[in-house]
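Trainee: Provided below are the primary sequence and the corresponding predicted coordinates.
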Amino acid sequence: MTARTLFLNPNSSREITATLRRHIARGGWPSGCWAAAEVEAAPRIIGSAADNARAEAALARALPGLSEGFDRVVAMSSVDTGYEIVRERFGDAAHGFTRSVLALHRKRGHRLDIVTFDRGMTALYETAFEATGHAGVIDGWQVVDLAPAVIAAQPEIALDALRERCEGFGGRQPVFVVGVVGIGLAAGLRDAGMRQVIDPVADLLDWLGEC
């Protein structure tokens, strides 16, 4: 029997959950074997360490109900918010979005250049990357200094800055635009011919398929 997978958005934004659903659905998984949900009591957007802590607390309260009937859960956050909480309940059937992408490229022998958002989040990203055990996969790192909430509300204002950062790497290796708020932007760059920009949702699904 195919494992049922919950892709859990640890914030309360239904728009972000809808974005996740669209990109996951493109992977061709049967609709009955997965679902995506948000944590209603969490902050709408995780834009700080304090937001991250509140989201984790809300996720801990909501997880038993949200995960009922699922065999594994993926924490769908740029910093894998709630991963350790999910792991306490699901063990090796717990996954994180960012750590899964990094793990896949490590397995394939790739290095990655990365782009993150909001310079004020850099310390939180550094901690999250180290926690994955795959930080050595990361080579270059650029930041688009716009808050996730701004990007979610007006993604067009981030697109030119993101294109500039990606071009700045020189196409030497794959580029990972980290975070759910960047999924649509990265897709737009790929559609415009920037093939070095990876599809992290596709990579996540590949990783889950190998687990």
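Mentor: Sure, I can see it.
Trainee: Mind listing what's buried along the helix or strand bottoming out on mean pLDDT in the chain?
Mentor: Least confident helix or strand, the chain: helix 148-153 with a mean of 83, by mean pLDDT, DSSP states H and E. By neighbour count on 16 or more other C-beta atoms under 10 Å, the buried set for helix 148-153 is 148-152. Where C-beta positions appear, they are placed from N, C-alpha and C, glycine not excepted.
Trainee: Let's have the residues you listed in a markdown table, adding distance to L66.
Mentor: Output for the buried residues of helix 148-153, formatted as a markdown table (distance: C-beta to C-beta, whole Å):
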| residue | distance to L66 |
| --- | --- |
| P148 | 22 |
| A149 | 23 |
| V150 | 28 |
| I151 | 26 |
| A152 | 22 |
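Trainee: Can you give me the neighbour number for S31?
Mentor: 7 (other C-beta atoms under 10 Å).
Trainee: Tell me how far the residue lying closest to it once chain neighbours are set aside lies from E130.
Mentor: Once flanking residues are discounted, S31 sits nearest to A25: 7.8 Å by C-beta to C-beta, 6 or more residues apart in numbering. As judged by C-beta to C-beta, to the nearest Å, A25 and E130 stand 32 Å apart.
Trainee: More neighbours: those two, which one.
Mentor: Under the neighbour definition other C-beta under 10 Å, A25 and E130 were set side by side, and A25 has more, 13 against 10.
Trainee: biggest helix in the protein, by residue count?
Mentor: As assigned by DSSP state H, the longest helix anywhere in the chain is helix 49-66.
Trainee: Correct me if wrong, but D139 is in a helix.
Mentor: No: counting by DSSP: H, G, I helix; E, B strand; the rest coil, D139 is not found in a helix; it is strand.
Trainee: before we move on, back to that, just checking, what packs against the least confident helix or strand of the chain?
Mentor: For helix 148-153, the elements it packs on are helix 156-168, judged by 3 or more C-beta pairs under 8 Å, 6 or more residues apart in numbering; DSSP states H and E.
Trainee: chain center to the next helix or strand after the helix it packs on, what's the gap?
Mentor: Next helix or strand after helix 156-168 toward the C-terminus (DSSP states H and E): strand 175-177. Strand 175-177 has its C-alpha centroid displaced from the chain centroid by 11 Å (C-alpha atoms, centre = their mean, to the nearest Å).
Trainee: Give me the residues contacting strand 175-177.
Mentor: Contacts with strand 175-177, where a contact means C-beta atoms under 8 Å, 6 or more residues apart in numbering, come from 101-102, 105, 112-115, 162, 166, 169, 183, 185-186, 189, 194, 196-198, 200.
Trainee: need the next SSE after that strand, C-terminal direction.
Mentor: Trace forward from strand 175-177 with DSSP H and E and the next one is helix 183-191.
Trainee: For this protein, give me the ranges with low pLDDT.
Mentor: 1 (pLDDT under 70).
Trainee: My guess is G182 contacts I151. True?
Mentor: Yes: applying C-beta atoms under 8 Å as the test, G182 and I151 come out as touching, 7.4 Å apart.
Trainee: what do the two both touch?
Mentor: Residues touching both G182 and I151 comprise 117, 158, with contact defined as C-beta under 8 Å, 6+ apart.
Trainee: quick one: the least confident helix or strand of the chain to chain centroid distance?
Mentor: 15 Å.
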